[in-house]
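> take this sequence and fold it.
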Amino acid sequence: MSFVTSLKIFFEYLISVFIWSIFNPYGLVQTVRQATGQCIAIGRACIKGVVYDDTVSFALPFEGTWKVVNGGIRKRTSHSWSLFGQRYAYDFVVVDKSGKTYQDSAEKPKDYFAFGRAILAAEDGVVADVRDNIRDYFLAGKGWVDITTSDIRGNYVVIKHDTERYTLYAHLKVGSITVKKKKARRLSQGRR
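Residues are numbered from 1 along each chain as shown. Below you'll find the predicted structure:
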């Protein structure tokens, strides 16, 4: 992909996120929630400092060979270094021998090599949240966010590994998620 094409996709992404954030009520709420979380994270960082814990070990959330297109533990390779909640996020894709991520059409999710592949938990944990009813977006490879979507993450699973560690698996195929959110257990059957 040329630099010009990459730049075009980046600007289309920014424009579509702006439109989604301002004109879609779900987008506005999600943007406010993310901004609030960012402020809380900055506050915690100011009080506690930011420490990268390299003692934690996660497995890759898939089998086979995939490619990292965004992600890392350094600012240069990070998915979104300035957003604390996404600082250590990774974007994985499956590529063919020529480096392409799809066959035939970039506009059909089913044509992407990663589409429908199994995703695994990177570590044991409890399913904290699940969403599996967002349609697969037909312009996935064009840089445009679906400005009509109710959730920019698409279909996703959040796993709680301990009190401070969660993983999010986003942009999953609609109807493909096989886990359910763990419900809180009642501590007592009796009345107060």
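
> so what's residue 189 scoring on pLDDT?
Residue 189 is assigned 49 on the pLDDT scale.

> for the spatially most central residue of the chain, helix, strand, or coil?
The geometric centre of the chain, computed from its C-alpha atoms, lies nearest to residue 170 (CA atoms, centre = their mean), at 3.8 Å. Classification of residue 170 by DSSP: H, G, I helix; E, B strand; the rest coil places it in strand.

> quick one: buried residues of the longest helix along the chain?
Assignment by DSSP state H gives helix 25-48 as the longest helix of the chain. By neighbour count with 16 or more other CB atoms under 10 Å, helix 25-48 contains the buried residues 27, 30, 31. C-beta: built from backbone N, CA, C; applies to glycine.

> between those residues, which is nearest residue 61?
residue 30 (23.0 Å; CB to CB).

> what's the burial count for residue 101?
Residue 101 has 18 neighbours, counted by other CB atoms under 10 Å.

> pLDDT wise, what is it at?
Per-residue pLDDT puts residue 101 at 92.

> residues in contact with the residue nearest to it when sequence neighbours are not counted?
Nearest non-adjacent residue to residue 101, counting by CB to CB, 6 or more residues apart in numbering: residue 93, 4.7 Å away. Residue 93 makes contact with 66, 67, 69, 101, 112, 113, 114 under the criterion CB atoms under 8 Å, 6 or more residues apart in numbering.

> got it, and residue 17?
145, 152.

> now with 6 Å?
The neighbours of residue 17, taking CB atoms under 6 Å, 6 or more residues apart in numbering as the test, are residue 145.

> quick one, phi psi at it?
Note on residue 17: its backbone torsions stand at phi -70, psi -40 [degrees, to the nearest 10].

> thinking again about what came up before, the residue nearest to the centre of the chain contacts residue 153, doesn't it?
Yes - look at residue 170 against residue 153 with CB atoms under 6 Å: they come within range, at 4.1 Å.

> what's next to the longest helix of the chain, contact-wise?
By CB under 6 Å, 6+ apart, helix 25-48 touches 20, 21, 84, 85, 150.

> would you mind writing the CA trace of the helix or strand following that helix as PDB?
The helix or strand immediately downstream of helix 25-48 is strand 67-71, counting by DSSP states H and E. In PDB, the C-alpha atoms belonging to strand 67-71 read as follows (Å, rounded to 0.1, in the frame of the first residue of the first chain):
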ATOM      1  CA  LYS A  67       0.600 -10.300  11.200                       C
ATOM      2  CA  VAL A  68       0.600  -7.400  13.600                       C
ATOM      3  CA  VAL A  69      -0.300  -4.200  11.700                       C
ATOM      4  CA  ASN A  70      -0.600  -2.000  14.800                       C
ATOM      5  CA  GLY A  71       0.500  -2.600  18.300                       C
END
